[in-house]
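> my questions concern the predicted model and sequence given below.
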Amino acid sequence: MSDAPATLKFGDKDIGMPVLSGSVGPDVIDIRKLYAQTGAFTYDPGFTSTASCQSAITYIDGEEGILLHRGYPIDQLAEQSSFPEVSYLLLHGELPSKAELDKFTYTISRHTMVHEQLAMFFRGFRRDAHPMAIMCGVVGALSAFYHDSADITDPQQRLIASHRLIAKMPTLAAMAHKYSVGQPFMHPDNRLSYTGNFLRMTFGVPAEPYVVNPIIERAMDRIFILHADHEQNASTSTVRLAGSSGANPFACIAAGIACLWGPAHGGANEAALNMLREIGKPEHIPEYIARAKDKDDPFRLMGFGHRVYKNYDPRAKVMQQTAEEVLRELNISDPVLDTAQELEQIALNDPYFIEKKLYPNVDFYSGVILNAIGFPTEMFTALFALARTVGWVAQWNEMISDPEQKIGRPRQLYTGATQRDYVPVAQR
Ligand code: CMC
């Protein structure tokens, strides 16, 4: 706590409020007693100035374009680590020793199968159901299968639920894909890596052996690392809010998936590739830039802009390099990558985007890679959900163990009708 509290002049009173400092980043003014002291609430739609919790997991400096998980820069993790290792780091706070990582990887591999009855849920969906619609349903349905890990007051049960969620998401996402293309579900093969297993369950068929391509495996693992956590974003805040009532972890993650689906959040990867395809040729770019700048046109440049980053999203940098590497190594020439690179250059030199500090975000280049790997566009957000699950469970665990945790319950500025008497229908 800082020595110099903030003072608010409200009416004729001076209200002192403590100022709290984290390990790095802006101080926060502690307004918890404000209502008791003044009878007034604060107003902050979209939480643009409000810290909703304390967290020691992820730090973002949006002005500098820095993203740290447990202190480690995202580019170092993407370059040198693996998704299971980053998962361990997010959950436990430290990088694992070799023995700890082996044990963690083994534990996750023991939870990759889903109950056979869960497969029946898929048949209830239309063949053309969006994978995110399926994911919302089947992840929520896990609550009905794992009563033995639903006591959120028991840290051991919370850990088991976390392992189950991390392990089963690839299986469920792959099943959503298989269902849509009419191929049989593939059971996990636990001899493979987390990411290799997912690729096989998605692209393999029982009739033939599937050989994991190490270039694709590495690129996919890197994409998972880049999406693993992002502090208090909309879906993570949704998971925390759902969890704050004591709801079970599977239901909370299903809530996070629902929030992630929107085009302003995780749905932007799908929307960005669709936009790049629609633009088609570099000569059409000026028309789309003009539309993005037009206040009367709801169109936005998808994969551009961020609530927190007012600089290049560090994840987008790694994503761009990975897109170039994957296309080169797979010997694919995709005009969409050329369109993306040219669009980026034009936007970065345009006064509108410069003034508003709008830069490419993680979703701008991810679609190009996922498309090259062979995923249909509708799967993109489901892949984001798969990778973000570890961040969600880490944040959920942190919240449950926080002694300051309370049910999340925002206030409002009421602007509706004041009290009035009911009028029977015959008299209206
Ligand atoms: N294209 C054109 N103009 C934009 C864009 C864009 N992509 N993003 C923001 N702006 C403008 C916006 O119109 C506003 O202008 P003004 O001040 O004149 O009203 C200004 O920039 C600030 O935008 P905002 O909507 O107030 O900012 P926000 O922090 O509420 O929204 C955002 C952040 C990510 C929702 C927004 O930038 C956006 O809609 N981007 C496109 C969707 C996207 O790529 N989302 C993925 C985000 S990163 C991955 C994730 O979190 O899931």
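Everything's here; your move.
> residue contacts, the residue of the stretch 251-400 of the chain found nearest the ligand?
Relative to the ligand, the nearest point of the stretch 251-400 of the chain is Gly305 (2.4 Å; C-beta to the nearest ligand atom). Placement of C-beta: from N, CA and C, glycine included. By C-beta atoms under 8 Å, 6 or more residues apart in numbering, the residues touching Gly305 are Lys356, Leu358, Tyr359, Asn361.
> model confidence for His147, exactly?
His147 is assigned a predicted lDDT (pLDDT) of 88.
> no wait, Asp338
pLDDT, Asp338: 89.
> low-confidence stretches in the stretch 1-150 of the chain?
For the stretch 1-150 of the chain, the stretches flagged by pLDDT under 70 are 1-4.
> where do the helices of it begin and end?
34-38, 74-80, 83-92, 98-109, 116-123, 131-141 (DSSP state H, counting those that start in this stretch).
> right, and the helix or strand after the last one?
If I follow you right, that is helix 131-141. Of the helices and strands lying after helix 131-141 in sequence (DSSP states H and E), the nearest is helix 155-181.
> buried residues in that following helix, which are they?
157-180 (16 or more other C-beta atoms under 10 Å).
> burial measure for His284, as a count.
13 (other C-beta atoms under 10 Å).
> circling back: of the contacts of Gly305, which is the most crowded?
Asn361 (24 neighbours).
> which residues touch the residue nearest to Gln117 when sequence neighbours are not counted?
If the residues on either side of it in the chain are set aside, Gln117 comes closest to Phe145, at 7.6 Å by C-beta to C-beta, 6 or more residues apart in numbering. Neighbouring residues of Phe145 by C-beta under 8 Å, 6+ apart: His115, Gln117, Leu118.
> and the last one, how far from Ala228?
Right, the one you point to is Leu118. 25 Å (C-beta to C-beta, to the nearest Å).
> try the first one
Noted for His115: a distance of 26 Å to Ala228, by C-beta to C-beta.
> of those two, which one has the most company?
When His115 and Ala228 are compared for neighbours, Ala228 comes out ahead with 24 against 14, by other C-beta under 10 Å.
> the more buried one against Leu386, yeah?
No - the criterion here is C-beta atoms under 8 Å, and Ala228 misses it with Leu386 at 10.2 Å.
> near the ligand, which residues of this structure are found?
Within the chain, the positions adjacent to the ligand are 233, 264-266, 268, 292, 300-307, 356, 358, 361-363 by C-beta under 6 Å from any ligand atom.
> now, these that are in helices?
Ala268, Ala292, Asp363 (DSSP state H).
> now the residues you listed in JSON lines, with neighbour count and pLDDT?
JSON lines is the format used below for those (neighbours: other C-beta atoms under 10 Å; pLDDT from 0 to 100):
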{"residue": "Ala268", "neighbour count": "26", "pLDDT": "92"}
{"residue": "Ala292", "neighbour count": "21", "pLDDT": "95"}
{"residue": "Asp363", "neighbour count": "29", "pLDDT": "91"}
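> next, format those residues as a markdown table and append distance to Arg420.
Listed next are those as a markdown table, based on distance: C-beta to C-beta, whole Å:
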| residue | distance to Arg420 |
| --- | --- |
| Ala268 | 43 |
| Ala292 | 45 |
| Asp363 | 47 |
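> returning to that earlier point: which one of the contacts of Gly305 is nearest Asn197?
Here the nearest of these to Asn197, counting by C-beta to C-beta, is Asn361; it sits at 28.5 Å.
> can you give me the angle the helix or strand hosting Leu386 makes with helix 155-181?
For Leu386, the host element (DSSP H and E) is helix 380-400. Angle, helix 380-400 to helix 155-181, by axes from the mean of the first three to the mean of the last three C-alpha atoms, to 10 degrees: 170 degrees.
> what angle do helix 380-400 and helix 98-109 make?
Using the same axes, to 10 degrees: helix 380-400 against helix 98-109 is 120 degrees.
> just checking, what packs against helix 380-400?
helix 83-92, helix 131-141, helix 155-181, helix 214-227, helix 234-244, helix 249-260, helix 268-279, helix 363-373 (3 or more C-beta pairs under 8 Å, 6 or more residues apart in numbering; DSSP states H and E).
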